[in-house]
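Participant: the sequence and its predicted three-dimensional model are supplied below.
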Amino acid sequence: MIAIGCDHGGLDIKNAIKDYLDKAEIEYIDYGTNTPDSVDYPEYAYKVATAVSKGECEKGIICCGTGIGVAMVANKVKGVRAATVTNEFCAEMTRRHNDANVITMGGRVIDEATAVRLAEIFINTPFDGDRHTRRVDMISQIENGEFSC
Ligand code: RB5
């Protein structure tokens with residue numbers, strides 16, 4: 001189950017991703033927004049990130065104008081590792097090395113076809129594990145105030 005959401009700046013790419021998910025028969029929950037009216041991106045990013053944090057959805061995709069604001073919000077939610085992606089290499093590597101459970105994208109940065117391709121890579125690429133597990137665990141330790149070096 002994928003959690004998906006956006007603000008007005010990310011609406012068009014979110015809708016393109018939803019079309020892809022429908023065609024691929026991948027289940028998702030759309031947390032809005034669903035109109036071009038101006039809204040506050042933290043609300044939508046928080047809803048998607050919380051669904052992932054609670055385990056209600058396995059992964060999340062959040063779109064805004066740049067992908068940056070929603071990533072800042074999502075990374076404040078416990079257990080969320082959100083990465084802003086603009087190209088195929090980063091979409092792949094943030095799954096393989098960072099075990100990202102959320103990606104964010106900007107509707108004013110990439111076109112709809114690119115957004116769909118990056119979503120597809122994010123959904124289908126597994127985590128490499130091995131030494132990357134230790135590093136991802138360190139992120140969790142920092143989040144929990146358990147890290148020192
Ligand atoms: C909205 O104008 C814009 O600030 C938002 O979509 C996003 O880019 C913020 O990071």
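Facilitator: Happy to help now that I have it. Residues are numbered from 1 along each chain as shown.
Participant: so who does the residue of the chain found nearest the ligand touch?
Facilitator: Here the residue of the chain nearest the ligand is Gly69; by C-beta to the nearest ligand atom that distance is 2.4 Å. Bear in mind the C-beta positions are built from the backbone N, C-alpha and C, glycine included. Counting by C-beta atoms under 8 Å, 6 or more residues apart in numbering, Gly69 makes contact with 41-42, 45.
Participant: just Asn101 next, same as before
Facilitator: 52, 58-60, 79-82.
Participant: alongside the ligand, which residues does this protein contribute?
Facilitator: 7, 9, 41, 64-66, 68-69 (C-beta under 6 Å from any ligand atom).
Participant: next step: these restricted to helices.
Facilitator: Secondary structure defined by DSSP state H assigns 41, 68-69 of the residues of the chain next to the ligand to helices.
Participant: still on that earlier bit, between the contacts of Gly69, which has the most around it?
Facilitator: Ranked by the number of neighbours (other C-beta atoms under 10 Å), those place Ala45 first, at 32 neighbours.
Participant: contacting residues around it?
Facilitator: Ala45 neighbours (C-beta under 8 Å, 6+ apart): 5, 62, 64, 69-71, 73-74, 104.
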